[in-house]
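Chemist: task: produce atomic coordinates for the following.
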Amino acid sequence: MTGDSRTTGEIAASTAESPSSPTTPPVGPTPAPAARRRPGGRAVGLVLWVVGGLVLAMTLVRAVPYDGVTPLAQVVGVTPWVVPLALLVPATALVLRRRSLAILCAVALVAQVAWVAPFFVPGQGIEADAQGTLRVLTVNAYFGQADAAAVVQMVRDQEADVLAVVELTADFHDRLESAGLEAVMPHHVDAKVGTGSPGSGLWSKTALTDPDTTEWSTFAMPAATVDVDGTPVRVTAVHPVPPLPEITGVWHQEMADLARRAHDEPLPQVLLGDFNSTYDHASFRAVLGDRFHDSTRTAGHGLNLSWPVGERVPTFLDLDHVVVDEGMRVDDLASLVVPGSDHRALAVTVQVAP
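Modeler: Numbers count the residues shown, from 1 in each chain. Reported below is the predicted structural model:
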């Protein structure tokens, strides 16, 4: 029997298109599914890691218990300014699905907050009718260029009992006397008074006994004893060299010597002046040890940013301190502008025998 060729062709085509017909598997490997792209792409991720790396590096620098080398001594002072970045990076990293970076920076954030938060926790303060108090004032005269009359007026306005002046020159000393400082504070001791920054001095309303002008440091750090309602208190004008890269080792050694001398002194003490270091410097915390306290941190009214003072660079470092002995209370902190100086002055009331 002879069939229709067209019919045969249609049947063949229909069979080929049927779902039940076997199919030939594709030749070659099966392509992998496309990887999910994280938000922002590589460029944003790289920038985020760079910023996050800065946060992690600064946290590590602050955590290291040694700062006697460059660049650690120069950069650790800006630790509080890392907090905003430490807040921003983990949140951004989570949004952009960089989980490893988010976790690392979250740990850094916890450390940063732990270091800064105590400055904002108010301390005990001093009762209004408390006895045994000493009002102290520290001024950096900026190579003797500060306004001497303004400093004397500040002594009067603050009702200061003790004044410490660093970078005290012979000319500035004469101008303080001409402005009437000795009429308010007739007792004083000083050392290395000449030109430039080596000179330092102490003035007091009451007698300064047992003065010590030993030249154990590059800049003078004279000390003497004042009587505060029957309690002898040793006061020291503090001014180590700054931690410039070429003299970081000298700065570190002078801070270590200051720590040793302070801890060897049996009398209650107040150390005040330009420490050329912040609380974040391990060398400064070594001066404090387990005996002394930084009055700014103890008062808990925030950071006392004291340097530099000028129009070009914002004030961003806390270099000027009043350090008090264990058990002393502090109150009425005042950060004051001194015309002609690159540092703010600091006035603090100290209760030496609570």
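
Chemist: what about the helices in the stretch 201-350 of the chain?
Modeler: Listed in chain order, the helices of the stretch 201-350 of the chain (DSSP state H, counting those that start in this stretch) span 248-264, 282-288, 295-299.

Chemist: residues contacting D190?
Modeler: When contacts are counted by Cβ atoms under 8 Å, 6 or more residues apart in numbering, D190 touches 168, 173, 199-202, 213, 220, 222. For the C-beta atoms, the positions are set from N, CA and C on the backbone; glycine is no exception.

Chemist: ok, those vs D318, which is closest?
Modeler: S200 (19.8 Å; Cβ to Cβ).

Chemist: so how far is G45 from the residue nearest to V166 when sequence neighbours are not counted?
Modeler: Among residues not flanking V166 along the chain, H239 sits closest, at 4.0 Å (Cβ to Cβ, 6 or more residues apart in numbering). Distance, H239 to G45, using Cβ to Cβ, to the nearest Å: 47 Å.

Chemist: ok, M154 - contacts?
Modeler: 137, 139, 160, 336, 338, 345, 347.

Chemist: mind checking which of the residues you listed are in strands?
Modeler: Among the contacts of M154, the members falling in strands are 137, 139, 336, 345, 347 (criterion: DSSP state E).

Chemist: can you give me the neighbour number for the last one?
Modeler: Close neighbours of A347, defined as other Cβ atoms under 10 Å, add up to 23.

Chemist: check the contacts of M154 and tell me the two furthest apart.
Modeler: Every pair of the contacts of M154 checked by Cβ to Cβ; the farthest is A160 and V338, at 13.3 Å.

Chemist: comparing these two, which residue is more hemmed in?
Modeler: Higher neighbour count among A160 and V338: A160, with 25 against 19, using other Cβ under 10 Å.

Chemist: please verify my assumption that the more buried one contacts T138.
Modeler: No: the criterion here is Cβ atoms under 8 Å, and A160 misses it with T138 at 9.7 Å.

Chemist: any common contacting residues for these two?
Modeler: What both A160 and T138 touch, as defined by Cβ under 8 Å, 6+ apart, is the set A347.

Chemist: pLDDT weak spots in the protein?
Modeler: For the chain, applying pLDDT under 70 flags the ranges 1-41.

Chemist: how far off centre is stretch 91-110?
Modeler: Relative to its parent chain, stretch 91-110 has a centroid offset of 24 Å by Cα atoms, centre = their mean, to the nearest Å.

Chemist: that should have said stretch 108-124, apologies.
Modeler: Centroid separation for stretch 108-124 versus its chain: 12 Å, with Cα atoms, centre = their mean.

Chemist: show residues contacting that stretch.
Modeler: 55-56, 59, 62-63, 79-80, 82-83, 86-87, 90, 279-280, 296-303, 329-330.

Chemist: buried subset of the residues you listed as a ChimeraX selection?
Modeler: Here is the ChimeraX selection string for the buried members of these, based on 16 or more other Cβ atoms under 10 Å:
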select :55,56,59,62,79,80,82,83,86,90,279,280,296,297,298,299,300,301,303,329,330
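
Chemist: most tightly packed of the helices of the stretch 201-350 of the chain?
Modeler: With neighbours defined as mean count of other Cβ atoms under 10 Å, the helices of the stretch 201-350 of the chain peak in mean count at helix 295-299, which reaches a mean of 24.

Chemist: packing partners of it?
Modeler: Packing contacts for helix 295-299, counted by 3 or more Cβ pairs under 8 Å, 6 or more residues apart in numbering; DSSP states H and E, involve strand 320-325, strand 329-337, strand 344-351.

Chemist: can you put these in a markdown table and add distance to E265?
Modeler: Shown next, in a markdown table, are those (distance: least, Cβ to Cβ, whole Å):
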| stretch | distance to E265 |
| --- | --- |
| strand 320-325 | 9 |
| strand 329-337 | 19 |
| strand 344-351 | 16 |
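
Chemist: closest one of the contacts of D190 to A130?
Modeler: L202 (23.8 Å).

Chemist: bridge partners for the closest one, pull those for me.
Modeler: With DSSP bridges as the criterion, L202 is bridged to A164, V189.

Chemist: quick one, what contacts it?
Modeler: When contacts are counted by Cβ under 8 Å, 6+ apart, L202 touches 162-165, 188-190, 208, 222-224, 235, 237.

Chemist: give me the nearest residue to W81, chain neighbours excluded.
Modeler: Residue nearest to W81 in three dimensions, not counting chain neighbours: F316, with 6.8 Å by Cβ to Cβ, 6+ apart.

Chemist: what number of residues lie near that neighbour?
Modeler: So F316, with other Cβ under 10 Å, has 14 neighbours.

Chemist: check L176 too.
Modeler: Residues near L176, counting by other Cβ under 10 Å: 26.

Chemist: also A114?
Modeler: 9.

Chemist: and it, how far from R62?
Modeler: 10 Å.

Chemist: tell me where this structure has strands.
Modeler: 133-140, 162-166, 187-191, 200-204, 209-212, 223-228, 231-238, 269-274, 292-294, 320-325, 329-337, 344-351.

Chemist: so of these, which one's packed in deepest?
Modeler: Highest mean neighbour count among those (mean count of other Cβ under 10 Å): strand 162-166, a mean of 29.

Chemist: could you check the angle strand 320-325 makes with that one?
Modeler: Between strand 162-166 and strand 320-325, the angle comes out at 130 degrees (axes from the mean of the first three to the mean of the last three Cα atoms, to 10 degrees).
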